[in-house]
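>>> The sequence isn't on hand, but the structure is:
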């Protein structure tokens, strides 16, 4: 069974958003989704799609690997 890293990725996204004083509503606007759709992703209950993570990284001006690197290190 594959390991589920949704919560780890969500925590990294939330942490970077917090550092940059960005809100769920800001993220929802960037992704063209509602805040109600974004909330489960930021809580790790639903996965971010790859293209969503790419957009989030571009918006926050960080590499996508910033969200997945802790996951990759933990899997090693």
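Everything's here; your move. Only a predicted model underlies this, so the values are computations on that prediction, with no experimental measurement involved. Numbers count the residues shown, from 1 in each chain.
>>> can you pull the contacts of the most centrally placed residue in the chain?
In the chain, the centroid-proximal residue (CA atoms, centre = their mean) is residue 13; its distance is 3.8 Å. Residue 13 is in contact with 41-42, 48, 53, 56, 67, counting by CB atoms under 8 Å, 6 or more residues apart in numbering. For the C-beta atoms, the positions are set from N, CA and C on the backbone; glycine is no exception.
>>> what about it, which helix or strand?
Taking DSSP states H and E as the criterion, residue 13 maps to helix 6-19.
>>> tell me what whichever helix or strand comes after that helix is packed against?
The helix or strand immediately downstream of helix 6-19 is helix 24-31, counting by DSSP H and E. Helix 24-31 is packed against helix 35-42, helix 50-60, with contacts defined by 3 or more CB pairs under 8 Å, 6 or more residues apart in numbering; DSSP states H and E.
>>> mind listing what's buried in the longest one?
By 16 or more other CB atoms under 10 Å, the buried positions in helix 50-60 come out as 52-53, 55-57, 59-60.
>>> Also the first one?
When burial is assessed from 16+ other CB under 10 Å, helix 35-42 yields the following buried residues: 38, 41-42.
>>> Report all helices and strands that that helix contacts.
helix 6-19, helix 24-31.
>>> follow-up on the earlier one: would you turn the buried residues of helix 35-42 into CSV with pLDDT and distance to residue 26?
Output for those, formatted as CSV (pLDDT from 0 to 100; distance: CB to CB, whole Å):
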residue, pLDDT, distance to residue 26
38, 96, 10
41, 96, 14
42, 97, 12
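>>> which one of those is nearest residue 19?
residue 42 (14.5 Å; CB to CB).
>>> so what's the closest residue in space to residue 39 that isn't next to it in sequence scoring on pLDDT?
Of all residues not flanking residue 39 in the chain, residue 24 sits nearest, at 6.3 Å (CB to CB, 6 or more residues apart in numbering). Here the pLDDT value assigned to residue 24 is 96.
>>> cool, and the one 5 residues further on?
What the model reports as pLDDT for residue 29 is 97.
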